[in-house]
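*Asks:* Model the structure of this input:
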Amino acid sequence: MRLLTHNMLSSNIKGVTNGFPLKIEPTKVVEKQVDMNSDFLKNIFNKIEWTPFVEAAKTLGFSELPENADVSSLDSEDFLTKFHHALLQIHLEEGALVCPETGRKFPVSKGIPNMLLLEDEV
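*Replies:* Just a heads-up that it's a prediction; the model follows:
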């Protein structure tokens, strides 16, 4: 699971009002090479919740992102390279995503998060 995906997921358990960001409990993290597309990075930047993204990257072992960033950061090739690496090349292969409000764990297996809710959670 890429951090791009993580940044767009939240817990939809019945009654949860604070389901974002999901905490990450990694057991296996891998890097996969992906060609960089600066136009894609520039277009997706405004859709990313930056602080949770930086925290998620740190949890997966990548701490080279700045704590704060704005559209002017996109003019830097160094920033784009780090943003690309964290967003698209770091993958949570095995582990869990944890609801920040309930503590419910959603397993991640072979890079696929299982966000299915139990009957009493719907």
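*Asks:* So His91 belongs to a strand, correct?
*Replies:* Yes - assessed with DSSP: H, G, I helix; E, B strand; the rest coil, His91 lies in a strand.
*Asks:* ok, now which ones touch it?
*Replies:* By Cβ atoms under 8 Å, 6 or more residues apart in numbering, His91 lies in contact with 1-2, 29-32, 111. C-beta here means a position set from N, CA and C on the backbone, and glycine is covered the same way.
*Asks:* So what's the residue count around the closest residue to it other than its chain neighbours?
*Replies:* Using Cβ to Cβ, 6 or more residues apart in numbering and skipping residues adjacent in sequence, the residue nearest His91 is Val30, 5.1 Å away. Neighbourhood size, Val30 [other Cβ atoms under 10 Å]: 12.
*Asks:* Helix, strand, or coil at Val30?
*Replies:* With three-state DSSP as the criterion, Val30 reads strand.
*Asks:* For this structure, just list every one of the helices.
*Replies:* Here the chain has its helices, by DSSP state H, at 3-6, 38-44, 50-59, 77-84.
*Asks:* Single out the most deeply packed of the ones you listed.
*Replies:* Comparing the helices of the chain by mean neighbour count (mean count of other Cβ atoms under 10 Å), helix 3-6 ranks first with a mean of 20.
*Asks:* who's in contact with that one?
*Replies:* 21-22, 24, 44, 48, 53, 56-57, 60, 86-88, 90, 92, 97, 113.
*Asks:* picking that back up, including distance to Leu80, could the contacts of His91 go into TSV?
*Replies:* TSV is the format used below for those (distance: Cβ to Cβ, whole Å):
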residue	distance to Leu80
Met1	22
Arg2	16
Val29	22
Val30	22
Glu31	17
Lys32	18
Gly111	24
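*Asks:* what's the closest residue to Gln33 other than its chain neighbours in contact with, if anything?
*Replies:* Spatial nearest neighbour of Gln33, excluding adjacent residues (Cβ to Cβ, 6+ apart): Gln89 at 6.6 Å. Counting by Cβ under 8 Å, 6+ apart, Gln89 makes contact with 31-34.
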